[in-house]
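J.: structure, please.
(chains A and B)
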Amino acid sequence: MSEPFLQIIDVSKRFDNVVALNKVNLKIAKSEIFSLLGSSGCGKSTLLRIIAGFEKPDEGRILLDGKDITKLPPYVRPLNIMFQNYALFPHLNVTNNIQFGLKEEKISKEEINHRVNEILNLLELNGLEKRKINEISGGQQQRVALARCLVKKPKLLLLDEPLAALDKQLRVQTQFELVNLQYKLGITFIIVTHDQEEAMSLSDRMAIMKNGEILQVGNPVEIYEKPKDKYIANFIGTANIFNVLNKNNQIIIKELNYEVKNINYKENYFKCLIRPEKISVKKLENQSDNLNIGVVKEVAYLGSYTKYLIDVNGFEFYSFMQNSLVSDNLQIRWDDKVQISFNETSIYFFND
Amino acid sequence: MIKNFKKQNVWFVFTPYLWLVLFFFVPLALIFKISISVSEWGMPPYRDLFSLSENGLEINSTLGNYLFIFSDPFYIRSYLNSLSLALTSTVLCLLIGYPIAFYVAKSKTSIRNILLIMLIIPFWSSFLLRVYAWKVLLQGSGIINSILIHIGLISEPISMLHNHYAVILGVVYTYLPFMILPLYGYLVKFDLNLIDASNDLGAKPLNTFVKVILPLSLPGIVAGSMLVFIPVVGEYIIPEMLGGSDKLYFGKIIWDEFFVNRDWPIASALAMSGIVILVFPIIIFQLMYAKYNFRNE
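T.: Numbers count the residues shown, from 1 in each chain, chains lettered A, B, ... in the order given. Just a heads-up that it's a prediction; the model follows:
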């Protein structure tokens, strides 16, 4: 990474003796879409509010573009935030909401009108200029909230659960629109979300947070394929986690009683992760086969793929199978015996 | 089922109107009747509107009472005094009440309830008693004078009672909760994110107040101001107990006409005029305001 654009250095924050953030360090590059992901109460929103300037950190510093902004009040910080509930001004119409921030700058009226029109076009809000906020749909409100921030040409845009208030179809569409918009404008985005799919599809990089600390930072592939611990593995997607035994240099996945000849293994790694889509199942035809045998406990047909819950010697795990690949699998029913197979390279070892 | 419900509904809707008719419009009509009657000695101290005599039906009605009060600057001045008292105390209540309401609305739920109870507790004691307490506090041998003398700030008691400042003090003290509670009602619903959003968009705290908080709490300001302004115009007890002879107020004049001069028609004409002058502009304002709000919702 080149010179970090936003640097968060040792930031801590307590509320009435409850630690919200504990020595958080982050470096975010220019023009990056960065997500802060975690369940509620993990400190992600507090971190966002500290970056915006609504909360002062107890310790630590925040550098934006090389400048220390820790002590600056929110109204002079060259960044904007889009709130989860949008926080649009109910007493103003769409245009007045969008130009609210421009009127606080010393800009000529022509310039304001020009920039407002530009942003109205960009976000396809034409025709809604005179509407009140409660006269437009949720999706339109979201775009007005975005327009109100972007019209200020911020160096950094903070988005607090930007898609949470939209229904599912609109959310997927808006995800792509957000990414396109960011690509077009080159503004650095920091997105707070609890929705792992949203984080995966939007971000260049993401940070997983828990109890006021950052557990792992990386791009979506790294986080998904190489989670640092069990918590992250379970938080992102579905995880099958097995125990690993090392018997005289024989590496054995305990629950499957399967010996791994893989070279990925390092000393003192006692757990391994195999993602469900990397485990395939096949209806058992001849008992003599050497591979592992499991019993199907649950089948969930989801259209493009099917989820199977497999039981091997009392240990349960998931297998997700693309329906396009093995149409035979549609025959698999509850309590059927199945063959389990996976590629050894898809086993990821980690240290608890 | 639905039929029954509808029957109940009719009563439900009409009970308040019945109340209004019985206890507001009927008395108002009676007062109006007296206001256009001719005054005379006796009980009641006015002549019946209609009487039968040798000449047939006689109507003893006059607009003279109204002409009389509008031709005498004494009455007009007292009404203006009351309006100015109401205006001054409404503004003062707003200036004092707004920060209090804002503070209460924005404090934590646990503290908020305690603060609200503290606001309401004075209502549990008699209104007369509370005004009388101010008399005790302000009088020459009262606590405030004693303290000031004791610490050597003054050598002789200063007269703080029986002037229109004492009246304003008493009115503001008494009516403050009527301003705070409706304001609180609006401010407690106020989305704090809007303040953050305004700050984030570059508005300094003062601009945020003027452009966001104030316009959005306007309905509360209007409601609170009405609740203070309207009753204060007719306020009688506070000027009577704390006021002096420097300013005469409308409520006291009506009282004097009724009970001292026993001129019921004049007193009634005063009361009617007061209502008409005050109520019609307020009704018009309310209608306009309701329309404006409706447009904004």
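
J.: which bits of the stretch 101-250 of chain B sit near chain A?
T.: Residues of the stretch 101-250 of chain B lying close to chain A by C-beta under 8 Å from any C-beta of the partner chain are B:191, B:193-194, B:196-204, B:207, B:211-212, B:215-216. Backbone N, C-alpha and C define where each C-beta goes, glycine included.

J.: at 6 Å what do you get?
T.: B:Asn193, B:Leu194, B:Asp196, B:Ala197, B:Asn199, B:Asp200, B:Leu201, B:Gly202, B:Ala203, B:Lys204, B:Pro215, B:Leu216 (C-beta under 6 Å from any C-beta of the partner chain).

J.: A:Asn126 belongs to a strand?
T.: No. Using DSSP: H, G, I helix; E, B strand; the rest coil, the assignment for A:Asn126 is coil, not a strand.

J.: next, A:Glu277: secondary structure please.
T.: Three-state call for A:Glu277 (three-state DSSP): helix.

J.: which strand or helix spans the nearest residue to it once chain neighbours are set aside?
T.: What sits nearest to A:Glu277 in space, not counting adjacent residues and going by C-beta to C-beta, 6 or more residues apart in numbering or on different chains, is A:Phe320, at 4.4 Å. Applying DSSP states H and E as the criterion places A:Phe320 in strand A:315-322.

J.: centre of the chain to that strand, how far?
T.: Relative to the chain's own centre, strand A:315-322 is displaced by 23 Å; criterion: C-alpha atoms, centre = their mean, to the nearest Å.

J.: what residues of that strand count as buried?
T.: A:Phe317, A:Tyr318, A:Ser319, A:Phe320, A:Met321 (16 or more other C-beta atoms under 10 Å in any protein chain shown).

J.: can you get me a residue count around the closest residue to the first one other than its chain neighbours?
T.: So that's A:Phe317. Distances taken as C-beta to C-beta, 6+ apart place A:Asn240 nearest to A:Phe317, at 3.9 Å, with adjacent residues excluded. A:Asn240: 21 surrounding residues under other C-beta atoms under 10 Å in any protein chain shown.

J.: show me what A:Asn240 is bridged to.
T.: With DSSP bridges as the criterion, A:Asn240 is bridged to A:Ile274.

J.: A:Val244 too?
T.: Beta-bridge pairing of A:Val244 under DSSP bridges involves A:Ile253.

J.: buried subset of the residues of the stretch 101-250 of chain B next to chain A, written for ChimeraX?
T.: Provided next is the ChimeraX selection string for whichever of these are buried by 16+ other C-beta under 10 Å:
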select /B:193,194,196,197,199,200,201,202,203,216
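
J.: helices - which of the residues of the stretch 101-250 of chain B next to chain A land there?
T.: In this view, those that belong to helices under DSSP state H are B:Asn193, B:Leu194, B:Asp196, B:Ala197, B:Asn199, B:Asp200, B:Pro215, B:Leu216.

J.: what sits against residue 203?
T.: Using chain A here. Counting by C-beta atoms under 6 Å, 6 or more residues apart in numbering or on different chains, A:Ser203 makes contact with A:Ile33, A:Ser35.

J.: I was after chain B.
T.: So, once contact is read as C-beta under 6 Å, 6+ apart, B:Ala203 ends up touching A:Glu104.

J.: and it, what are its phi and psi?
T.: phi -80, psi 130 (degrees, to the nearest 10).

J.: could you do A:Glu32 as well?
T.: The phi/psi pair for A:Glu32 (degrees, to the nearest 10) is phi -100, psi 150.

J.: now it. Nearest residue, chain neighbours left out?
T.: A:Asp204 is the one closest to A:Glu32 (C-beta to C-beta, 6+ apart), at 4.9 Å.

J.: switch the buried residues of strand A:315-322 over to a markdown table; also include distance to A:Phe83 and pLDDT.
T.: As requested, the buried residues of strand A:315-322 are exported to a markdown table (distance: C-beta to C-beta, whole Å; pLDDT from 0 to 100):
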| residue | distance to A:Phe83 | pLDDT |
| --- | --- | --- |
| A:Phe317 | 40 | 94 |
| A:Tyr318 | 37 | 95 |
| A:Ser319 | 41 | 93 |
| A:Phe320 | 36 | 93 |
| A:Met321 | 41 | 89 |
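
J.: and A:Lys13, helix, strand or coil?
T.: Under three-state DSSP, the three-state class of A:Lys13 is strand.

J.: now B:Leu119
T.: Classified using three-state DSSP, B:Leu119 is helix.

J.: quick one, what contacts it?
T.: Counting by C-beta under 6 Å, 6+ apart, B:Leu119 has contacts B:Pro177.

J.: quick check on the spatially most central residue of chain B: phi, psi?
T.: The structure's chain B has its C-alpha centroid closest to B:Pro231; by C-alpha atoms, centre = their mean the separation is 1.8 Å. Main-chain torsions, B:Pro231, degrees, to the nearest 10: phi -70, psi -30.
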